[in-house]
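> Turn this into a structure:
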Amino acid sequence: MIRPYVPDDKTALLALLKLNIPRYFDASEENDFSTYLDEHLERYYVVEENGKLIGSGGINFFPAEKLARISWDIVHPEFQGKGIGTELLRHRIARIEKEQGIELIVVRTTQLVYKFYQKAGFELVKTEKDFWAEGFDLYQMEMQVQKA
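Below is the predicted model:
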């Protein structure tokens, strides 16, 4: 079940992030994620199964640039490759498509998972070595919003 984030989810989400360190995130990103949840989140969603948080991901809007950014996608290692991330991404893309004035969706990810977004229709537009941390390169990707 996908539902909106509530502050009581924070501890479980930080634990979920730790399960993905060092494979998908650098340890230095823990503080960044905590700060994001406290200060920068606009729309953030969690995937819950049997009372356990198994995934999460957000959206941030930049109306002046007519874009939305997919942010902080995390899936529990035991549930990776089972469609959880795809379902959560589709959920957010559908929300973005309903927003007035948003024309572009941006994802800033790494070389480790950019192919996931590529399969969903995102195109690679920029790379930058060691952007997030050593060994974690920026792969910036974009998708045009499809209005119904």
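> what comes up buried for the helix or strand L138 falls within?
Under the criterion of DSSP states H and E, L138 resides in strand 136-144. By neighbour count with 16 or more other C-beta atoms under 10 Å, strand 136-144 contains the buried residues 136-143. C-betas here are computed from N, CA, C, even on glycine.
> Among those residues, which one sits closest to L67?
E142 (8.4 Å; C-beta to C-beta).
> Hmm, V75 is touching I54, no?
Yes: the pair V75 / I54 is scored as a contact, 6.8 Å apart, by C-beta atoms under 8 Å.
> Return every residue with contacts to both of the two.
47, 84 (C-beta atoms under 8 Å, 6 or more residues apart in numbering).
> Comparing the two, which residue is more hemmed in?
Taking other C-beta atoms under 10 Å, V75 and I54 do not tie; V75 has more neighbours (25 against 21).
> Name whatever forms a beta bridge with that one.
Counting by DSSP bridges, V75 is bridged to G55.
> Equivalent analysis for F62, please.
Taking DSSP bridges as the rule, F62 bridges to L67.
> what's the burial count for it?
If you count neighbours by other C-beta under 10 Å, F62 ends up with 12.
> go on, V46?
For V46, the neighbour count with other C-beta under 10 Å is 22.
> do the same with the one 3 residues further on
The criterion is other C-beta under 10 Å. On that basis, E49 has 12 neighbouring residues.
> That one and E134, how far apart?
Distance from E49 to E134, counting by C-beta to C-beta, to the nearest Å: 34 Å.
> For P22, grab phi and psi.
phi -100, psi 10 (degrees, to the nearest 10).
> what comes into contact with the longest helix seen in the chain?
In the chain, taking DSSP state H as the definition, the longest helix is helix 84-97. The contact list for helix 84-97 (C-beta under 8 Å, 6+ apart) reads 2, 43, 45, 47, 54-59, 68, 70, 73, 75-76, 102, 105, 116-117, 120, 143, 145-148.
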